[in-house]
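Student: Here's a sequence, model it:
(one chain, ligands or ions: 1)
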Amino acid sequence: MAQIIDGRLIAGNIRQEVKQAVDAHTSAGNRAPNLAVVLVGEDPASASYVRGKAKASAEVGIDSDTLTFPDTISERELLSEVTRLNADTNIDGILVQLPLPDHIDETRVINAISPKKDVDCFHPASVGALSIGLDGFAPATPAGIVQLLERSGIETSGAHCVIIGRSNIVGKPLANLMLRKGIDATVTVCHSRTKDLSVMARQADILVAAIGRAHFVTADMVKPGAAVIDVGINRIEDASRERGYRLVGDVDFDAVEPIAGYITPVPGGVGPMTIAVLLQNTLKAAQAV
Ligand code: NDP
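Tutor: Residues are numbered from 1 along each chain as shown. From the prediction side, this is the model:
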């Protein structure tokens, strides 16, 4: 039976730490940290994520401004909003909620954010800093995973970490973090062209699934005792639920849990960590001013 890694509990502890640090920051005479969240269009999922970020910020004493624009906003107008936020000394962090409408080049918008305010760690300068081990903002989901491991007492030094998925927001930055001095894992990154994926996965002391396919990781892919981190969020039909679906991860939890040493549930594993790291990053941006 695996030990369940409780992401809600760990994220709650981090939020508490951030709250205490924000209190100390403001008690020292500084204004509260301020996060600007840019939302374009009316996608319900994006709107819900943005509300969650604003609520979590408020709970730890971080001010947040949500700037909402219609999906008819031009790329040029959006870029000038980002430029304005970059120059605003009352704003510490800028987050542009993705995805953006098709007529806007996401890369161009991300590249316009000042690296000093890039609390999502998507700017190429932030990604470069991460890859050569410089201090900077932490990529939210990967840094959340590392903190889950550390705070659960899972040894990373010398561990073989196999990551399934090579996206720019999860797989690749996580590989960079796990390779860092002090974390010291040996890292293998797999993707859709990887041969013998099961054989690769079974070598993992720490197996991370960031694929986006429900129940992809089956029991035969897991080494007994391994720590299994499930990043995936997938909807599957469930007639027993009022909304007609439920959320599951990339790991077949019921089959893998008896074999693994540690496992994250979905929901309640990696998910809550992402906002917790965003709060840590916003505090860090404010402290750097
Ligand atoms: P992407 O779609 O960007 O990347 C998926 C990766 O999985 C790709 O590298 C792809 O390979 C690989 N892949 C797809 N099919 C296979 C296969 N059959 N065998 C091996 N590898 C495969 O996804 P993201 O990284 O953005 O997200 C992954 C999952 O994590 C999603 O469910 C997403 O919702 C969730 N997520 C959760 C977060 C959280 O806070 N909990 C945050 C971010 C994401 P290739 O590159 O070759 O196509």
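
Student: Between the two ends of stretch 165-173, how far is it?
Tutor: Across its full length, stretch 165-173 reaches 11 Å between end residues, using CA to CA, to the nearest Å.

Student: How about it and the ligand, touching?
Tutor: Yes: using CB under 6 Å from any ligand atom, stretch 165-173 reaches the ligand at Gly165, Arg166, Ser167, Ile169, Val170, Gly171. From N, CA and C alone the C-beta is placed, and that goes for glycine too.

Student: And that stretch, what's buried?
Tutor: Buried residues in stretch 165-173, defined by neighbour count with 16 or more other CB atoms under 10 Å: Gly165, Arg166, Ile169, Val170, Gly171, Lys172, Pro173.

Student: Any chance you could list what contacts the helix or strand encompassing the last one?
Tutor: Of the helices and strands defined by DSSP states H and E, Pro173 is found in helix 171-179. Applying CB atoms under 8 Å, 6 or more residues apart in numbering, the contact partners of helix 171-179 are 121, 127, 130-131, 138-139, 141-143, 145-146, 156, 161, 163-166, 183, 185, 187, 189, 191, 206, 208, 210.

Student: Tell me who's in contact with Ile94.
Tutor: By CB under 8 Å, 6+ apart, Ile94 lies in contact with Leu35, Ala36, Val38, Val82, Leu85, Asn86, Ile113, Ser114, Lys117, Asp118, Val119.

Student: and it, helix, strand or coil?
Tutor: Of the three states, Ile94 takes strand under DSSP: H, G, I helix; E, B strand; the rest coil.

Student: In space, what's closest to it - neighbours in sequence excluded?
Tutor: For Ile94, the nearest residue in space outside its immediate sequence neighbours is Lys117; the separation is 4.5 Å by CB to CB, 6 or more residues apart in numbering.

Student: and the gap between that neighbour and the ligand?
Tutor: Summarising the geometry, the distance separating Lys117 from the ligand, computed by CB to the nearest ligand atom, to the nearest Å, is 21 Å.

Student: Give me the buried positions along the helix or strand encompassing Asn111.
Tutor: Per DSSP H and E, Asn111 falls inside helix 106-112. Along helix 106-112, the positions that meet the burial threshold by neighbour count (16+ other CB under 10 Å) are Val109, Ile110, Asn111, Ala112.

Student: can you check stretch 71-80 too?
Tutor: Using 16+ other CB under 10 Å as the burial criterion, the residues of stretch 71-80 that qualify are Ile73, Glu75, Leu78, Leu79.

Student: Spell out the secondary structure type for the first one.
Tutor: Per three-state DSSP, the secondary structure class of Ile73 is coil.

Student: The protein: helices as residue ranges?
Tutor: For the chain, applying DSSP state H gives helices covering 7-27, 44-59, 75-87, 106-112, 124-131, 140-151, 171-179, 197-202, 253-256, 271-287.

Student: Reformat the ones you listed as a markdown table; add distance to Gln97.
Tutor: Conversion of those to a markdown table gives the following (distance: least, CB to CB, whole Å):
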| stretch | distance to Gln97 |
| --- | --- |
| helix 7-27 | 20 |
| helix 44-59 | 5 |
| helix 75-87 | 12 |
| helix 106-112 | 11 |
| helix 124-131 | 17 |
| helix 140-151 | 13 |
| helix 171-179 | 19 |
| helix 197-202 | 32 |
| helix 253-256 | 29 |
| helix 271-287 | 12 |
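
Student: how about Ile62, what does it touch?
Tutor: Shown in contact with Ile62 (CB under 8 Å, 6+ apart): Val18, Val22, Ala32, Pro33, Asn34, Leu35, Leu279, Thr282, Leu283.

Student: Spell out which two among the residues you listed are the most distant pair, please.
Tutor: Longest distance between any two of these is 14.2 Å, between Val18 and Asn34; criterion CB to CB.

Student: The spatially closest residue to Gln203 that is not a sequence neighbour: what's it in contact with?
Tutor: Residue nearest to Gln203 in three dimensions, not counting chain neighbours: His160, with 5.7 Å by CB to CB, 6+ apart. When contacts are counted by CB under 8 Å, 6+ apart, His160 is found next to Ala185, Thr186, Thr188, Gln203, Ala204, Asp205, Ile206.

Student: Just the ones of the residues you listed in strands?
Tutor: In strands, judged by DSSP state E, the following of the contacts of His160 are found: Thr186, Thr188, Ile206.

Student: Now flag whichever of these is closest to the ligand.
Tutor: Proximity of those to the ligand, judged by CB to the nearest ligand atom, is greatest for Thr188, which lies at 12.3 Å.
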